[in-house]
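> Return atomic coordinates for the entry below.
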Amino acid sequence: MTSVLGTNQYGKAEVHMVTVSRDGALHTIRDLTVGITLSGDLADVHLTGDNAHVVPTDTQKNTVYAFAKEAPVGAIEDFGLRLGRHFVSSFAPISRARVHVAEAGWDRLGDHSFRQSGAESRVATVVCDAEENWVVSGLEGLVVLNSTDSEFAGFIEDRYTTLPATNDRVLATAVAARWRHASSSSPDWDASFEAARGLLIDTFATTYSTSLQGTLYAMADAMLTARPELAEVRMSLPNRHHYAVDLSPFGLENDNEVFHADDRPYGLIEAAVLAPDAPDAGPAWDPYPLVG
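So this is what the prediction gives:
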């Protein structure tokens with residue numbers, strides 16, 4: 001029996017690049033991590049060891065650096081599109097390119113001094129082929145918490161259930177979210193990102209939660225309703241449990257004021273929410289069926 005080669009891809013992962021733009025004494029830095037995945041006519045390199053159709057991963061890495069020098073990086077969606085279109089248009093064996101970019105934030109301390117922001121990062125993934133481009137924006141590591149206006153009750157109970165129902169709990173999560181654009185020609189990626197992020201945060205803060213699932217849907221629905229350029233939102237929300245500490249052994253009453261923050265195990269809530277007229281996703285998500 002002869003085995004058959006299935007779906008395959010290759011590329012350069014975790015290209016960490018920092019750029020410094022100098023405007024006199026005022027400097028601006030960008031901190032990007034770029035991953036590139038290429039696919040196409042690559043059977044021979046697997047089956048016979050023929051490298052004739054291979055764009056070396058070292059070349060891919062160097063392209064990232066060179067593109068950052070040749071033109072301003074701009075929005076990470078635009079940078080990803082530039083790279084993806086380059087690989088598809090410049091190398092005949094390559095029929096599809098996927099570029100994932102994550103940007104870490106830095107807070108300005110002075111003209112040329114910075115402090116790295118928290119765990120949150122902005123991300124974008126683009127997929128390019130000869131006919132079409134797909135763009136997915138998003139974020140990860142956004143930690144949010146509501147100290148009240150959250151309950152959890154009415155769930156299935158059996159002999160293994162020990163969790164008590166509650167009508168007042170802390171709701172906390174670290175949001176990983178992706179949103180697929182209906183078109184790859186958004187006029188302003190930065191403005192779109194800030195608006196989507198703001199809707200996500202505002203909805204979390206103002207939604208009375210009976211479940212983290214319901215909160216997820218409300219956040220995604222608010223984004224899709226207000227931003228017509230978005231076709232689909234996918235989120236992965238770990239439930240960062242906060243349990244009220246039993247202070248009765250010390251003669252104290254705990255009126256939901258002191259909590260044990262438990263990092264694991266945790267509930268993990270994931271879902272995709274689509275606009276009513278969302279165009280087909282094509283290869284936009286593969287291999288990212290969900291996030292987190």
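> Just the helices from this structure, written as ranges.
Applying DSSP state H to the chain gives helices spanning 43-47, 57-70, 76-90, 189-206, 212-226.
> So which elements touch the fourth one?
I take that to be helix 189-206. helix 76-90, strand 133-146, strand 171-181, helix 212-226 (3 or more C-beta pairs under 8 Å, 6 or more residues apart in numbering; DSSP states H and E). To be clear about C-beta, it is placed using only N, CA and C from the backbone, and glycine gets the same treatment.
> Make a markdown table out of the ones you listed and add distance to residue 7, mean pLDDT and mean neighbour count.
Listed next are the helices and strands packed on helix 189-206 as a markdown table, based on distance: least, C-beta to C-beta, whole Å; pLDDT from 0 to 100; neighbours: other C-beta atoms under 10 Å:
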| stretch | distance to residue 7 | mean pLDDT | mean neighbour count |
| --- | --- | --- | --- |
| helix 76-90 | 18 | 98 | 21 |
| strand 133-146 | 17 | 96 | 20 |
| strand 171-181 | 21 | 96 | 23 |
| helix 212-226 | 29 | 98 | 19 |
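> so which of these gets nearest residue 263?
strand 171-181 (10.2 Å; C-beta to C-beta).
> Determine how far the closest one lies from the middle of the whole chain.
Taking C-alpha atoms, centre = their mean, to the nearest Å, one finds the center of strand 171-181 at 7 Å from the center of the full chain.
> Just want the angle from it to helix 212-226.
Orientation check (axes from the mean of the first three to the mean of the last three C-alpha atoms, to 10 degrees): strand 171-181 against helix 212-226 gives 40 degrees.
> Please name the strands paired to strand 171-181 in the sheet, noting orientation.
Strand 171-181 has its sheet partners listed here by DSSP bridges as strand 133-146 (antiparallel), strand 230-239 (antiparallel).
> Rebuild these as TSV, extending it with distance to residue 215.
Output for the strands paired with strand 171-181, formatted as TSV (distance: least, C-beta to C-beta, whole Å):
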stretch	distance to residue 215
strand 133-146	9
strand 230-239	8
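> what bridges to residue 234?
Going by DSSP bridges, residue 234 forms beta bridges with residue 178, residue 272.
> And it, how close does it get to residue 138?
In this view, residue 234 and residue 138 are 8 Å apart by C-beta to C-beta, to the nearest Å.
> Mind putting the helices and strands packed on helix 189-206 into TSV with distance to residue 250?
As requested, the helices and strands packed on helix 189-206 are exported to TSV (distance: least, C-beta to C-beta, whole Å):
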stretch	distance to residue 250
helix 76-90	51
strand 133-146	26
strand 171-181	25
helix 212-226	32
